[in-house]
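# Here you go, sequence then predicted model.
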Amino acid sequence: MIGIKEKVHLIRGLANENGITAYDIGKNTEISLTSARNVLEDDNITPRIKTLHIILEYLENTIVGVQKSTELKPTHTKGFIALVGHRADFNGLSIEEKLNKLHEESLLHSKQLEVISKTLNLLKLNQETIIEISKKEGN
């Protein structure tokens, strides 16, 4: 499950990438301007989960352009499909479930990258060993 700090980091990144300010969040949600500013700027906060979910839903609606729904339109899911795998498994989930699914997939991809990296290192070592043996036999 994605923790509070990760959600705050995600909110800050999405807001920054899309030019969404604390004022926008405060004006268009039930979250106060001060709370929105704290989430976006203060590293020493511990916001309520409900506050984060409201902001995440607002960001999703604003960025994707869907009102009163957490379902992604097929035209907006290309990046998510690449990460999650199947749109059918992703649409219809709550924001919390989507975040958890993305987090699980990112952990899986990290493990896969780690295995690939170790394999490449072994191949490199094997190649270096073969080159050394070839040089010794050639001399």
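The structure has been received and is ready for your questions. Since this is a predicted model, take the numbers as computed values, not measurements.
# State the mean pLDDT of stretch 35-50.
Stretch 35-50 shows a mean pLDDT of 90.
# Give me the distance between the two termini of that stretch.
Using Cα to Cα, to the nearest Å, one end of stretch 35-50 lies 12 Å from the other.
# Check the secondary structure at residue 54 for me.
Using DSSP: H, G, I helix; E, B strand; the rest coil, the structure places residue 54 in helix.
# other SSEs contacting the helix or strand hosting residue 8?
Taking DSSP states H and E as the definition, one finds residue 8 inside helix 4-17. Under the contact criterion of 3 or more Cβ pairs under 8 Å, 6 or more residues apart in numbering; DSSP states H and E, helix 4-17 touches helix 33-41, helix 49-64, helix 95-138. Using the backbone N, CA and C atoms, a C-beta is placed for each residue, glycine as well.
# need the contact list for the closest residue in space to residue 47 that isn't next to it in sequence.
Nearest residue to residue 47 in three dimensions, chain neighbours excluded: residue 39, at 5.4 Å (Cβ to Cβ, 6 or more residues apart in numbering). Counting by Cβ atoms under 8 Å, 6 or more residues apart in numbering, residue 39 makes contact with 8, 11, 12, 22, 25, 31, 45, 47, 51, 52, 55.
# Apply 7 Å and report the result again.
Residue 39 makes contacts with 8, 11, 45, 47, 51, 55, as judged by Cβ atoms under 7 Å, 6 or more residues apart in numbering.
# Quick one: neighbours of the first one, just the number.
In other words, residue 8. Residue 8 has 20 neighbours, counted by other Cβ atoms under 10 Å.
# swap in the fifth one?
The local packing of residue 51 (other Cβ under 10 Å) involves 22 other residues.
# can you pull the pLDDT of the closest residue to residue 46 other than its chain neighbours?
Once flanking residues are discounted, residue 46 sits nearest to residue 4: 6.5 Å by Cβ to Cβ, 6+ apart. The score at residue 4 is 86. That number is its pLDDT.
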